[in-house]
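Colleague: Sequence unavailable; structure follows:
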């Protein structure tokens, strides 16, 4: 799994005219699922993100987690995080999980974040939908995390 994590003062997702979710201060997580990912990967990444110390303490040091600041989280599925641009100009998405597996692991990741942070602090987009995502990055702070910490993103 890969995640682009942005510390935000506000974030929202809109799908058509019927679906709108918004958070205040917290994290927007863009989540990509690899074809070989498992529920264990989802749990590991959810725990990593929920404990990631990327919020300022009283000394302006990145020392607090989303739990410490009682922040919210907006989780957006984004299969394009596994786009491979090594050859040609059109990305290949062969490393992304298929829709069924991707949705299952995305939902499992959301469930794990709700278990850690609480149901009311998590908002989501809709898996596979065309979404308009608004991110007001705070800092800016942007972190890339993945479940295979023994390899760099380019090696995976």
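Modeller: Good, I have the coordinates. Here the structure is a predicted model, which is why all the values come from computation and not from measurement.
Colleague: List the residues that contact residue 65.
Modeller: With contacts defined as CB atoms under 8 Å, 6 or more residues apart in numbering, residue 65 is in contact with 50-55. C-betas here are computed from N, CA, C, even on glycine.
Colleague: do the same with residue 97
Modeller: Neighbour list for residue 97: 33-35, 37, 79, 105 [criterion: CB under 8 Å, 6+ apart].
Colleague: Quick one, which of the contacts of residue 65 are buried?
Modeller: By neighbour count, with 16 or more other CB atoms under 10 Å, the contacts of residue 65 hold 50, 52, 54-55 as buried.
Colleague: and those as CSV, adding secondary structure, pLDDT and distance to residue 91?
Modeller: Formatted as CSV, those follow (DSSP: H, G, I helix; E, B strand; the rest coil; pLDDT from 0 to 100; distance: CB to CB, whole Å):
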residue, secondary structure, pLDDT, distance to residue 91
50, helix, 98, 30
52, coil, 97, 27
54, coil, 97, 28
55, strand, 97, 33
